[in-house]
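J.: model the structure of this input:
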Amino acid sequence: MENVKHKIEQLRETLRYHSNRYYNDDAPEIEDYEYDMMMRELQSLEEQYPEYDTPDSPTKKVGGKADNSFESVVHSVRMESLQDAFSKEELYDFESRVLSAVSSPKYCVEPKIDGLSVSLEYENGVFVRGSTRGDGNVGEDVSANIKVIRNVPLKLNKPIPFIEVRGEVYMPKKSFERVVDRQLLNNEKPFKNPRNAAAGSLRQKDSAVAATRGLDIFVFNIQQTDGVTLQSHKESLDFLKELGFNTVPGYTLVNSMEEAIAEIERIGEKRGELKFDIDGAVIKVDDFEMRTELGSTSKFPKWAVAFKYPPEEKQTEILDIEIAVGRTGVLTPTAVLEPVHLAGTTVSRATLHNSDFIKEKGIAIGDIVTVRKAGDIIPEVLCVNEHKSDTVYEYPEHCPSCGSPVVRENGEAAIRCINPDCPAQLLRNLIHFCSRDAMDIEGLGSAILETFVQNGLIEKTEDIYLLTYEKIENAALEGFKEKSINNIINSIAHSKKNDLGKLIFALGIRHIGAKAGSLLANHFKTMDSVMEATIEDILQIDGFGEIMAQSVFDFFQNEKSKQLVKSLEESGVNMNSLHVVSDTRFAGKTFVLTGTLPTLKRAEASKIIESLGGKTSSSVSKKTSYVLAGEEAGSKLDKANALGIEIINEEKFMEMIK
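T.: This is a model prediction of the structure:
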């Protein structure tokens, strides 16, 4: 019995962790199906051993919680979750429970949209508030971001006194592809799937960012209303259409569970063709009076059930393995497959993840493998069913794009090309090189750089400094007039005078941010000294660990990196540190900046501290000398108080630097 209790507690802890990663961090680590199966196992154990059941179990709670960075919204009508079913038998069990309370029910069947559940409120036909589900009782106010979603009506077609509706905010597949492409170009961690992309976008502090993400919504329920009386779910969906809402597509009224199952199967066959993700289909008792009789549990309505489609798996043969170089230099293996029909589409390619996965599974060309679509989107190889060769596929030692040697950094599964001029990485590297914290070349944003690359004006990073007015003018590009061309040329010329630290950061060395670039420049003073430094030399810099030191050393061992630096120097780019400390009053002092300062930006304060011989850190420790705190300082302030570190405000800081 003690083993059962331990198993239950272990499942609860694991489910809470993954629930938090899914609902609150928008960064799931496992597939929905794995989570659902763990939840099902916990439910079964709690039913068998009721003495170990507790009211705070994940089986009793809706998964999310309100984010304290938004205003809380208390839902006057609870936003419930749905009970899941994974087989026809479970659907018939649901029907039996319904028939024990009501007679001759009709059911409404609709796709289960995979997105983020929200509430929309309207007064006299005008939108007044939008909020997330949160834990079902309390959500967060995301009205500003809801307003920029294209299919959210800000004014209804009828001025009814009050209505609250529930919908699912989602990201169409095409929008998801565009967002991920943009994230990769900007060297950001891409969203894992459209559901998490939608959730992350809806929780943006800046609604202008949310507006660029291409979000959409389907409305599927009326939570409460004044001024109108409705008898059934289908009637309510028809009414929502009249009001101007984009309702859940393809909802169908059926007379029996047999018809409902047939409709679920029809939806399942078509899901691969949809422009949005679904993770199942929902069966709802149509009549509202029957729903009242059936009631709800602490978590689920008893009048609805969600059928979850299992991940479809098929066997096929690996015909070839191709290696692609991503925008961050990572070499990604893809299996070329004997085409197979999977989750509504024909699949002929599937990811093999990385070299460790290939070695672990012993994968070779010709093997018979099992393939599935992860999250119903990305085809992946799961396992080998039959080996056709004893020779496991060997990863290339040189980049397929540029021929440079590839490296694998400690603690990473990824093998990558670090050549700064690798054609596969060119655009991303250029965008980073010209960005504000790097060489800060105004006028060379991502769109213009992409145009220059496409038209052959830039083929490698150093070509930026070979651009002339005549080259750009002769390219006859649309929108490039005398003033705009001159602005670009002047900005390029101005960037040559930047400090060495900005140039080091601009080179895009792995693990080296803007601050680390400054530390290298301030310590070694010249680019030649940085390039000649050993790992031991670099480790002398306070704040540098082995991974950072190794990354810098490896970068400058690369012949292409050396050639890039030489070309930049020949073009007149500054190769020396401009950092001069004439006043050392902060020598040996470490500052941590937290919160929003009244007049200074953090970057400005950091620059002042460093100019006076001090340094800044991102975390509070016993080595911290001062914490410079502004509004909304948060946990760093608490830690400083606990350690007895002196806390100063901007006024005190300004006195210290007089």
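
J.: centroid residue for this structure?
T.: Phe191 (2.9 Å; CA atoms, centre = their mean).

J.: let me know how buried the closest residue in space to that residue that isn't next to it in sequence is, in neighbour terms.
T.: Take Phe191 and drop its neighbours on the chain: the residue closest to it by CB to CB, 6 or more residues apart in numbering is Ala197, 3.8 Å away. The way it works is simple: take the backbone N, C-alpha and C, and place the C-beta from them, glycine included. Neighbour count of Ala197, defined by other CB atoms under 10 Å: 25.

J.: and what of Ile278?
T.: Ile278 - counted by other CB under 10 Å - has 24 other residues nearby.

J.: pretty sure it sits against Lys112.
T.: Yes: contact criterion CB atoms under 8 Å: Ile278 and Lys112 qualify, at 5.6 Å.

J.: surely Tyr469 meets Lys483?
T.: No: taking contacts as CB under 8 Å, Tyr469 lies outside contact range of Lys483: 11.4 Å.

J.: helices along the stretch 201-350 of the chain, start to end?
T.: With DSSP state H, counting those that start in this stretch as the criterion, the stretch 201-350 of the chain has helices at 207-211, 233-243, 257-270, 288-294.

J.: list the buried residues in the last one.
T.: In this case it means helix 288-294. Buried residues in helix 288-294, counted by 16 or more other CB atoms under 10 Å: 288, 290-291, 294.

J.: secondary structure element for the residue nearest to Phe191?
T.: Assigned by DSSP states H and E, Ala197 belongs to helix 194-202.

J.: off-centre distance for that helix?
T.: Distance, stretch centre to chain centre, for helix 194-202: 7 Å (CA atoms, centre = their mean, to the nearest Å).

J.: and what of stretch 106-116?
T.: 25 Å.

J.: cool, and stretch 454-470?
T.: The answer for stretch 454-470 is 33 Å, by CA atoms, centre = their mean.

J.: could you pull up the mean pLDDT of it?
T.: The predicted model assigns stretch 454-470 a mean pLDDT of 93.

J.: kindly report the same for stretch 390-401.
T.: Mean pLDDT, computed over stretch 390-401, is 90.

J.: how about stretch 596-607?
T.: Mean predicted confidence for stretch 596-607 is 84.

J.: picking up where we left off before, how about the contacts made by the residue nearest to Phe191?
T.: Contact analysis of Ala197 by CB atoms under 8 Å, 6 or more residues apart in numbering lists 171, 176, 179-180, 191, 213.

J.: before we move on, the earlier item: closest one to Glu655 out of the buried residues of helix 288-294, please.
T.: Checking the buried residues of helix 288-294 against Glu655 by CB to CB gives Arg291 as the nearest, at 67.2 Å.

J.: phi, psi of the nearest residue to the closest one once chain neighbours are set aside?
T.: With sequence-adjacent residues excluded and distances taken as CB to CB, 6+ apart, Arg291 is closest to Trp303, at 4.3 Å. Here is the backbone geometry of Trp303 (degrees, to the nearest 10): phi -100, psi 10.

J.: tell me if I'm right that Trp303 and Lys284 touch.
T.: Yes: Trp303 is within contact range of Lys284, at 6.5 Å (criterion: CB under 8 Å).

J.: for Cys380, which three-state class applies?
T.: Actually, residue 380 is Glu. It isn't Cys. strand (DSSP: H, G, I helix; E, B strand; the rest coil).

J.: for it, what are its contacts?
T.: Glu380 makes contact with 350-351, 353, 371-374, according to CB under 8 Å, 6+ apart.

J.: looking at it now. What's its pLDDT?
T.: You'll see Glu380 listed with a pLDDT of 87.

J.: that one bridge partners, please.
T.: Bridge pairing for Glu380 (DSSP bridges) gives the partners Thr351, Arg372.

J.: so how far is Pro396 from it?
T.: 21 Å (CB to CB, to the nearest Å).

J.: what's the answer for Leu643, then?
T.: Leu643 is 50 Å from Pro396, by CB to CB.

J.: Ser143 now?
T.: 51 Å.

J.: who's more crowded, the two?
T.: Under the criterion of other CB under 10 Å, the comparison of Ser143 against Pro396 puts Ser143 first, with 17 against 13.

J.: wait, doesn't that one sit right on Gly130?
T.: Yes: counting by CB under 8 Å, Ser143 does reach Gly130; the two are 4.7 Å apart.

J.: now pLDDT too, for the buried residues of helix 288-294, in a markdown table please.
T.: Listed next are the buried residues of helix 288-294 as a markdown table, based on pLDDT from 0 to 100:
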| residue | pLDDT |
| --- | --- |
| Phe288 | 96 |
| Met290 | 96 |
| Arg291 | 95 |
| Leu294 | 95 |
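
J.: of all these, which comes closest to Glu80?
T.: Using CB to CB, Arg291 is the member of the buried residues of helix 288-294 that lies nearest Glu80, at 11.6 Å.

J.: got the contact list for the closest one?
T.: Counting by CB under 8 Å, 6+ apart, Arg291 touches 285, 301, 303.

J.: filter those residues to the buried ones?
T.: 285, 301, 303.
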